[in-house]
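Colleague: Structure of the sequence below:
(2 chains)
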Number of protein chains: 2
Amino acid sequence: MAPDGSAHPLLDHIREHDRRMVLLRHSAALLHWDQETYMPGAGDTGRSEQIALLESLAHEELSSPALGELLEQANANNDVSSPGNLDEALLRELLRAHRRAVRVPTRLVEELARTSSSAQSAWRRAREEAHFAAFRPALERLLSLRREYADAVGWEGSPYDALLDEYEPFTSTSEVQAVFDELQPRLTDLTRRIAESGRPVNSEILYRDYPVEAQERFGRRVLKAVGFEFERGRLDISTHPFSTALGADDVRITTRYNSRFLPSGIFGTIHEAGHALYELGFGEGIRGSSLAEGASLGIHESQSRFWENIVGRSLAFWKQFYPELQRCFPAQLAGFPLEDFYRAINVVQPSLIRVEADEVTYGLHVILRFELEKALIEGDLAVSELPDAWNASSKRLLGVEPSNDAEGVLQDIHWSMGAFGYFPTYALGNLYSACFTEAMQQELGSLDTLVERGDFAAVLDWLRRNIHATGRSLSPQELCSQLTGSPLQAEPFLNYLEAKYTPIYELS
Amino acid sequence: MAPDGSAHPLLDHIREHDRRMVLLRHSAALLHWDQETYMPGAGDTGRSEQIALLESLAHEELSSPALGELLEQANANNDVSSPGNLDEALLRELLRAHRRAVRVPTRLVEELARTSSSAQSAWRRAREEAHFAAFRPALERLLSLRREYADAVGWEGSPYDALLDEYEPFTSTSEVQAVFDELQPRLTDLTRRIAESGRPVNSEILYRDYPVEAQERFGRRVLKAVGFEFERGRLDISTHPFSTALGADDVRITTRYNSRFLPSGIFGTIHEAGHALYELGFGEGIRGSSLAEGASLGIHESQSRFWENIVGRSLAFWKQFYPELQRCFPAQLAGFPLEDFYRAINVVQPSLIRVEADEVTYGLHVILRFELEKALIEGDLAVSELPDAWNASSKRLLGVEPSNDAEGVLQDIHWSMGAFGYFPTYALGNLYSACFTEAMQQELGSLDTLVERGDFAAVLDWLRRNIHATGRSLSPQELCSQLTGSPLQAEPFLNYLEAKYTPIYELS
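Modeller: Numbers count the residues shown, from 1 in each chain, chains lettered A, B, ... in the order given. Down below sits the predicted model:
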């Protein structure tokens, strides 16, 4: 017992800093949510200033010398390590974030914010004109700042490590490289076999007229069924779908509906619900702390992809929901067979645009970006060579070549935001989701059986106990090892794809 | 020119403190708006913590010794006073707020917050049971804290001055007393003459079934007509209507609809729009600063009451809008004469509940509360005597006596929030609105003529130029004197009532 009567006065002080930081972040998240949903147009300028202030206050809190001293002192006192101990996990997480925050000079943070803001404008213009040259100077500047940033943070193997670490902590570039090296040839091979199967899938049914009101009604029905609690969240509409935590008991998702393409709204909604269920499932011991975050973006994406693809695009799921969907759209779907609908939503077709890609070719889009951004950051590729390199990679990996930069190198916003190291997490999410599904089935038996009878409660309960509850208190690898007995593997995902697409395309 | 190259380095630093304070307040306002409109139920606890943190950060900013030094130094340098100078006005406003903030010990602020939070719960319970005794201990505690607060702030004539000053700056208790002393007998007399007129008004038409959707459609039509820009604001629904500024170009209002009583939604919407138009009209020179606030709650209320009553309940207004209203509710209103509708929405009837009171008796409700809370604060009335005192005052001023505490002393939330000194601002608003209307008509001619032909642009333009633009850079009295040539008077309001109700009730 410390002199002031508290058992852990040091930790109590650290927790108070952390609590304020989390409250500021949640507040900023509401400002952003509102900006994307209900804010009147003219509010934009004022809102950006408010968000910038709250974020800088959270950053001041994190990088404050007072917190730094408390953390270093607690760290020095802490000579035993017991995995699963939440106090230790909080200390580890905060030390990591604090050290990172103080290593990057404020000048660089501000310059990155300014440059990425103008780079986004340049990117938008360049994309409209489908002309990379208009984006090139901004990208060069951003890239050089990001390299400077990586050096400030510090790295050993590759500067890309320092950037990747922001999105996928405790994961190295070479680990990602190794798993992608295994993944890529197998995806290429599967894509080729599907193309050569001679059993084309007709997805015309998805492009009929689907009124938005009925799409929303169906989406809400699915959300309820999978266990999204509307008492603890909301569903709204925004230009770009997202999920955001505004508090331990207030996690909101947005979606968008396309009245001429049914899957967009349905799978967008389920995808974001997967993210939200993760954040709504954090355990009591980490609520309101910095540990109430996804273990990494990859792990976060494993949850959205699990619900969107492994559950949402399964035949079992549609055995449960197709009658309901037909009731929502009788004119469009009455008499259309379930099996044909299932095949339509699972068509595999190499294409140019990542966000429209199917489950098989999606990983190839990510690998393309990973290779290029890694080469840019490591200095092996000049920005001037990027468009040609993109087009060549697209041809090599996907077999298709963009006819202009807008459907090629300019299609994604990420680089214009300075977000190098983000893309891999999308593919890691798919890989983790398959690993976790194997672990789940070892305990619960066939996922299809549970889904087909609508027992989503059992599925969610398993996810909560095994993945959601611990939040960021385990690293991605610790979590994966704990659940599967080994670090991240590509094999489960590849097996999943084989098992799923062999019957759809009658592969041999 | 100062050595650092800025013309006013001191003022620049002060402005930066002010800017951060305003951004924090606007952020907290969004958190609150969301809580009342879209937040899922379970988000309450987390949200309250977020709001408390942002408010305490704004308070820290205001009471910081750094700002204090800057303000005192700038104040000492400033030996010439030029009215209308915005820099001076900002300095005056911030000095006033800063000194007030540092005089009240943090301990007392926190105790007030805690006590008023539990007092509100006690008040809700007591009101449900219509039994004052359950609220009495909490009210006694709050009252004693508020007296302590007044002493900390400092006062000369009456401790009530120190409390009133928070809502109605630069206005003394004796000034309010004087104007109420003139008002009360005249209101009582007019109420009596109306009761004895022998010309009862039938308002049954207002209690039919009015679907909410059509009410909202009509409300939006009115908002557009009076100049509420939806590009800079929103209309939503909440339990208690309010208006809130979330930025210089984002001011939102809420309303509520009663499908069995038409005036509730219509006049609630117009009332809040009056507040919002004020905040949307602040001039360029004060945008984003602490001067972008109402000059006082009384002045703020003058704007809402102007639009709700002087414009919204005029015959001229309904000559313009009644056809539209009939189109929204053909089954309810077709064939019902405009003049009868106008009389129905202007029925005068002494009643127990303030928020349901008409324009004539409303002031009496306020005077009742002012007398009682002043006596409580000055120690001339014990909390234990309050219910009896309330009932006696109600009988004396309004001629009606509550049959229980819920429709008497427990009807308003204000005292349970520790808000003593707030009530008078409602009546001051009515008085100011009539003074300003006289000034407006001196320049623009008959308001009725403008309203009848729908020329709300001219009306709003006058308000913007003469009242809105200056925000808080003038005190209520400076504003009133500038516009009318004299301080606040009761006469214009009394004249307005006489002129309006004489024909309605055929008074002699």
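Colleague: how much space between residue A:28 and chain B?
Modeller: 8 Å (Cβ to the nearest Cβ, to the nearest Å). C-betas here are computed from N, CA, C, even on glycine.
Colleague: Check residue A:155 too.
Modeller: 35 Å.
Colleague: Now do the contacts for that residue.
Modeller: By Cβ atoms under 8 Å, 6 or more residues apart in numbering or on different chains, residue A:155 lies in contact with A:161, A:162.
Colleague: which is the next helix or strand following the host helix or strand of residue A:427?
Modeller: Secondary structure assigned from DSSP states H and E places residue A:427 in helix A:424-444. The helix or strand immediately downstream of helix A:424-444 is helix A:447-452, counting by DSSP H and E.
Colleague: What helices and strands are in contact with that following helix?
Modeller: helix A:315-328, helix A:424-444, helix A:456-463 (3 or more Cβ pairs under 8 Å, 6 or more residues apart in numbering or on different chains; DSSP states H and E).
Colleague: part of a strand, is residue A:236?
Modeller: Yes - per DSSP: H, G, I helix; E, B strand; the rest coil, residue A:236 lies within a strand segment.
Colleague: quick one: it and residue A:257 touch, right?
Modeller: No - if you go by Cβ atoms under 8 Å, residue A:236 and residue A:257 don't touch, sitting 11.7 Å apart.
Colleague: More neighbours: these two, which one.
Modeller: residue A:257 (20 against 14; other Cβ atoms under 10 Å in any protein chain shown).
Colleague: Now do the SS call for the more buried one.
Modeller: Per three-state DSSP, residue A:257 ends up coil.
Colleague: Next up, the contacts around it.
Modeller: A:212, A:215, A:216, A:237, A:264, A:265.
Colleague: got the phi/psi numbers for it?
Modeller: Torsion angles at residue A:257 (phi, psi; degrees, to the nearest 10) stand at phi -110, psi 140.
Colleague: Roughly how far does it sit from residue B:251?
Modeller: As for residue A:257, its distance to residue B:251 is 30 Å (criterion: Cβ to Cβ, to the nearest Å).
Colleague: and what of residue A:464?
Modeller: 42 Å.
Colleague: same thing with residue A:414?
Modeller: Note on residue A:414: its distance to residue B:251, by Cβ to Cβ, is 35 Å.
Colleague: try residue A:436
Modeller: Relative to residue B:251, and taking Cβ to Cβ, residue A:436 is found at 47 Å.
Colleague: Tell me which of residue A:414 and residue B:251 has more neighbours.
Modeller: residue B:251 (29 against 15).
Colleague: That one bridge partners, please.
Modeller: On the basis of DSSP bridges, residue B:251 is bridged to residue B:233, residue B:245.
Colleague: Give me the local confidence score for residue A:85.
Modeller: Residue A:85 is assigned a pLDDT of 89 by the prediction.
Colleague: number of nearby residues for it?
Modeller: Count around residue A:85 with other Cβ under 10 Å applied: 14.
Colleague: Residue A:436 contacts residue A:305, doesn't it?
Modeller: No - assessed by Cβ under 8 Å, residue A:436 is found out of contact with residue A:305, at 10.2 Å.
Colleague: and the residue in the stretch 251-400 of chain A positioned nearest to chain B, what helix or strand is that in?
Modeller: Going by Cβ to the nearest Cβ, chain B is nearest to residue A:288 of the stretch 251-400 of chain A, at 7.3 Å. If you go by DSSP H and E, residue A:288 is not part of any helix or strand.
Colleague: Does residue A:418 touch residue A:144 like I think?
Modeller: No - in this structure, residue A:418 is not within contact of residue A:144 by Cβ under 8 Å, at 10.8 Å.
Colleague: what's the closest non-adjacent residue to residue A:14?
Modeller: Using Cβ to Cβ, 6 or more residues apart in numbering or on different chains and skipping the chain neighbours, the partner closest in space to residue A:14 is residue A:70 (5.1 Å).
Colleague: Would you mind writing the CA trace of the helix or strand harbouring that neighbour as PDB?
Modeller: Following DSSP H and E, one finds residue A:70 within helix A:65-77. The C-alpha trace of helix A:65-77 is given here as PDB (Å, rounded to 0.1, in the frame of the first residue of the first chain):
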ATOM      1  CA  PRO A  65       6.300  14.700 -19.900                       C
ATOM      2  CA  ALA A  66       4.100  14.000 -16.900                       C
ATOM      3  CA  LEU A  67       2.700  10.900 -18.400                       C
ATOM      4  CA  GLY A  68       6.100   9.900 -19.700                       C
ATOM      5  CA  GLU A  69       7.600  10.000 -16.300                       C
ATOM      6  CA  LEU A  70       4.800   8.000 -14.800                       C
ATOM      7  CA  LEU A  71       5.100   5.400 -17.500                       C
ATOM      8  CA  GLU A  72       8.800   5.000 -17.300                       C
ATOM      9  CA  GLN A  73       8.700   4.800 -13.500                       C
ATOM     10  CA  ALA A  74       5.900   2.200 -13.600                       C
ATOM     11  CA  ASN A  75       7.800   0.300 -16.300                       C
ATOM     12  CA  ALA A  76      11.000   0.300 -14.100                       C
ATOM     13  CA  ASN A  77       9.000  -1.000 -11.100                       C
END
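Colleague: Can you name the residues of chain A sitting close to chain B?
Modeller: Contact residues, chain A versus chain B (Cβ under 8 Å from any Cβ of the partner chain): A:20, A:23-24, A:26-27, A:30-31, A:34, A:38-43, A:45-47, A:49-50, A:53-54, A:57, A:229-234, A:246-250, A:252, A:288.
Colleague: and the residues you listed, which are buried?
Modeller: Among the residues of chain A next to chain B, those classed as buried by 16 or more other Cβ atoms under 10 Å in any protein chain shown are A:20, A:23-24, A:26-27, A:30-31, A:34, A:38-40, A:42-43, A:46-47, A:49-50, A:53-54, A:57, A:229, A:232-234, A:246-250, A:252, A:288.
Colleague: so the residue in the stretch 51-200 of chain A positioned nearest to chain B is in which element?
Modeller: Residue of the stretch 51-200 of chain A nearest chain B, by Cβ to the nearest Cβ: residue A:53 (4.7 Å). Element membership for residue A:53, per DSSP H and E: helix A:44-63.
Colleague: tell me the contacts of the residue nearest to residue A:14?
Modeller: Contacts of residue A:70 (Cβ under 8 Å, 6+ apart): A:10, A:13, A:14, A:17.
Colleague: And it, how far from residue A:98?
Modeller: From residue A:70 to residue A:98 the distance is 10 Å (Cβ to Cβ).
Colleague: How about residue A:437?
Modeller: Counting by Cβ to Cβ - residue A:437 and residue A:98 are separated by 36 Å.
Colleague: Check residue A:106 too.
Modeller: 15 Å.
Colleague: And residue A:473, by the same measure?
Modeller: 17 Å.
Colleague: out of the two, which sits in the busier spot?
Modeller: A direct count of neighbours by other Cβ under 10 Å for residue A:473 and residue A:98 places residue A:473 higher, at 28 against 21.
Colleague: what number of residues lie near the closest residue to the more buried one other than its chain neighbours?
Modeller: Using Cβ to Cβ, 6+ apart and skipping the chain neighbours, the partner closest in space to residue A:473 is residue A:89 (3.7 Å). Residue A:89 sits with 23 neighbouring residues when counted by other Cβ under 10 Å.
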